[in-house]
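J.: I'll drop the sequence and a predicted model, then ask my questions.
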Amino acid sequence: MASGVAIFMACSDSSSNSNVYSCEQLSVEGPSDNHICYESAEEDFTDCKEDSVPFSYKTIFTPGRGCPSGALKICDAELVPGHPYTIYVYNEEIAQMNCRRIRGF
């Protein structure tokens, strides 16, 4: 986004499922405009706040009840056994990576 302005919606087709929790991360300034959303059935899955993002990034964190539709790539993940989650990728650069690399992104 060349202008540094972003229109951001935290809604999805899955938002009708009351058992889905999400954290959408949109970096609007920095080396690239990254847009990723993490979704889990566990409410305390993520704090959905700035914690490990480099200071050079301006990132918007939006908690929700499901990731937006239109993802270019979807990856299943499970960092802790028994606690699966899904990663939704919305920008082309990251979508070209394999899921193993995206999980470590």
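T.: Received it, and whenever you're ready, just let me know what you need.
J.: the longest strand in this protein is where?
T.: Identified as the longest strand of the chain according to DSSP state E is strand 21-29.
J.: tell me the centre residue of the protein?
T.: residue 37 (1.7 Å; CA atoms, centre = their mean).
J.: now do the strands in this protein.
T.: Going by DSSP E, the chain shows strands at 21-29, 35-40, 58-64, 73-77, 85-89.
J.: the ones you listed: which one's closest to residue 104?
T.: Closest of the strands of the chain to residue 104 is strand 73-77, at 9.7 Å (criterion: CB to CB). For glycine as for every other residue, the C-beta is placed from the backbone atoms N, C-alpha and C.
J.: what residues does that closest one touch?
T.: Strand 73-77 is contacted from outside by 84-89, 94-95, 99, 102-103, using CB atoms under 8 Å, 6 or more residues apart in numbering.
J.: kindly recompute the last result at 7 Å.
T.: Contact partners of strand 73-77, identified using CB atoms under 7 Å, 6 or more residues apart in numbering, comprise 84-89, 95, 99, 102-103.
J.: got the angle for it vs strand 35-40?
T.: Counting by axes from the mean of the first three to the mean of the last three CA atoms, to 10 degrees, strand 73-77 lies at 40 degrees to strand 35-40.
J.: pLDDT on strand 73-77, on average?
T.: The average of the pLDDT scores along strand 73-77 is 96.
J.: ok, now which ones touch residue 22?
T.: By CB under 7 Å, 6+ apart, the neighbours of residue 22 are 37-39, 64-67.
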